[in-house]
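Novice: got a sequence here, can you model it:
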Amino acid sequence: PAAPPVPIRPCSAVAMSRRFRQQGWGNILLNNNPETVSTDHDVVGRLYFDEVTLERVLDIWEFECPEGVVLSTGGQHSNQLAKPLHDAGAKLLGHSADTIARAEDREKFSSLLDTLSIAQPPWITSRDLVAAREFASVTGYPVLVRPSHVLSGSSMQVAVNESALDAAMKEAALCSEGPVVVSRFIVDAAEIEVDGVAAGGSVSAMLISEHLEYAGVHSGDATLVSPTQSLSAENRALVQDVTRKIARGLDLNDPFNIQFL
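Specialist: Numbers count the residues shown, from 1 in each chain. Next up is the predicted model:
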């Protein structure tokens, strides 16, 4: 019989620290969350309870002289430190600063998908209201407005008419200095998620799970099950193929997550 669906638990900094210890590596954790810091003492070699900023990370880097810095369990805030840490001479373990930038810049990532012939909703990049209105008039509403370098949902909005689009564009422009991507929002789309690990662009492990809610319903708190309950064999093979193409295209070298419509 098929295995019952089980909740998916993402990789945490504590889990990664435990793996480092099991492999004989020392590890240092910088944590600014009082709700989780109490569990860290048993699994890390040294614990810093402080703000996660470039200045603090570089202070620790200079004092501890570690082999490198791991950003992959720190969320959006840590991702934004990738380029300044790289520029400051810190060695990043896992994804390179360039890989993170290409994944977070909406225009660059969408262009990569086009280059790899991976289907995606129609999109444009623009900070101009007139161009955004023209695009929406052609594709039809609703449209999704997403500023670059924002994975946490800040200023990401679904606009259902022109006035909502105008407001969303103005807020997105204030949120990020990078390009603003406007794309067709697909209504009632199932959301499929892939958590995996890659090395040198080659995927070594992949877990496919399914959201219970439609794409766009939740923000942050989601209910996922694996094995998937409604994904066809054809679409499962497609998800696996596209995941491998993206991994190669970005030269992924660490844990990664991709969400599909």
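
Novice: how many residues are close by the residue lying closest to residue 20 once chain neighbours are set aside?
Specialist: Nearest non-adjacent residue to residue 20, counting by C-beta to C-beta, 6 or more residues apart in numbering: residue 27, 4.3 Å away. (Each C-beta comes from the backbone N, C-alpha and C, glycine too.) By the criterion of other C-beta atoms under 10 Å, residue 27 has 19 neighbours.

Novice: wait, doesn't residue 27 sit right on residue 17?
Specialist: Yes: at 4.9 Å, residue 27 counts as touching residue 17 under the criterion of C-beta atoms under 8 Å.

Novice: which residue ranges of the stretch 101-250 of the chain form strands?
Specialist: 123-125, 143-147, 157-159, 180-184, 192-199, 202-211, 224-225 (DSSP state E, counting those that start in this stretch).

Novice: using JSON lines, lay out those strands together with mean pLDDT.
Specialist: Putting these into JSON lines (pLDDT from 0 to 100) gives the following:
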{"stretch": "strand 123-125", "mean pLDDT": "89"}
{"stretch": "strand 143-147", "mean pLDDT": "89"}
{"stretch": "strand 157-159", "mean pLDDT": "91"}
{"stretch": "strand 180-184", "mean pLDDT": "90"}
{"stretch": "strand 192-199", "mean pLDDT": "94"}
{"stretch": "strand 202-211", "mean pLDDT": "95"}
{"stretch": "strand 224-225", "mean pLDDT": "91"}
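
Novice: returning to what we had before: identify the contacts common to residue 27 and residue 17.
Specialist: residue 44 (C-beta atoms under 8 Å, 6 or more residues apart in numbering).

Novice: where does the stretch 1-150 of the chain dip in pLDDT?
Specialist: Where the stretch 1-150 of the chain drops to pLDDT under 70, the residues are 1-14, 38-41, 149-150.

Novice: please report how far residue 65 lies from residue 91.
Specialist: Distance of residue 65 to residue 91, computed by C-beta to C-beta, to the nearest Å: 11 Å.

Novice: hey, where'd the helices end up in this protein?
Specialist: 13-22, 54-64, 75-79, 82-87, 97-104, 106-115, 129-139, 162-175, 233-250 (DSSP state H).

Novice: could you point out which of the ones you listed sits nearest residue 45?
Specialist: Closest to residue 45 of the helices of the chain, according to C-beta to C-beta: helix 13-22, at 7.6 Å.

Novice: which elements pack onto the closest one?
Specialist: With contacts taken as 3 or more C-beta pairs under 8 Å, 6 or more residues apart in numbering; DSSP states H and E, helix 13-22 sits against strand 28-31.

Novice: which strands and helices sit next to the strand it packs on?
Specialist: For strand 28-31, the packing partners by 3+ C-beta pairs under 8 Å, 6+ apart are helix 13-22, strand 46-49, helix 54-64.

Novice: about what we covered before: more neighbours: residue 65 and residue 91, which one.
Specialist: residue 91 (11 against 7).

Novice: with adjacent residues omitted, what lies nearest to the more buried one?
Specialist: residue 68 (4.1 Å).

Novice: got it, and residue 69?
Specialist: residue 90 (5.3 Å).

Novice: next, count neighbours for the one you found.
Specialist: A count of neighbours around residue 90, defined by other C-beta under 10 Å, yields 20.
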